[in-house]
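Colleague: Just to be clear, the model below is a prediction. Sequence and coordinates:
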Amino acid sequence: MAEHPPVIVHPPSPGGGRQVTIGGESVGRAHSSVDVLEFLRRAGLDTDMVSLDDREVIEWQGGDHDVWS
């Protein structure tokens, strides 16, 4: 079974935003990449060291960090 990166940003929802899961736990709905960075910060990750393009850390489902609707 393939292992997912620790952070998953799920596809955009019809109501807006994207659900974010960190370590298998839902942490909230992001409406921009700024929200994703805030969730990472709250989870204890150094946002100066994490790139939103780092596929080892973040799996973007249904579009990259520029797709929100």
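Modeller: Arrived safely.
Colleague: May I ask which helix or strand encompasses the spatially most central residue of the chain?
Modeller: Centroid check for the chain by CA atoms, centre = their mean gives Val9 as the closest residue, at 3.5 Å. Using DSSP states H and E, Val9 maps to strand 7-12.
Colleague: thinking again about what came up before, looking at strand pairing, list the partners for the residue nearest to the centre of the chain.
Modeller: Val20, Trp60 (DSSP bridges).
Colleague: For it, list the residues it contacts.
Modeller: Counting by CB atoms under 8 Å, 6 or more residues apart in numbering, Val9 touches 18-20, 30, 36, 58-61, 65. Yep, even glycine has a C-beta here, placed from its N, CA and C like the rest.
Colleague: Rebuild those as TSV, extending it with pLDDT, distance to Asp46 and neighbour count.
Modeller: Formatted as TSV, the entries for the contacts of Val9 read as follows, by pLDDT from 0 to 100; distance: CB to CB, whole Å; neighbours: other CB atoms under 10 Å:
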residue	pLDDT	distance to Asp46	neighbour count
Arg18	98	22	25
Gln19	98	23	16
Val20	98	17	22
Ala30	98	18	20
Val36	97	14	24
Ile58	95	14	21
Glu59	96	19	14
Trp60	97	20	20
Gln61	97	24	13
His65	93	18	17
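Colleague: where exactly do the helices run in this protein?
Modeller: All helices of the chain, identified by DSSP state H, fall at 33-42.
Colleague: Give the ranges of residues in it that sit below the confidence cut-off.
Modeller: Within the chain, the segments meeting pLDDT under 70 span 1-3.
Colleague: please redo it, this time with the cut-off set to 90
Modeller: In the predicted model of the chain, residues 1-5, 50, 69 satisfy pLDDT under 90.
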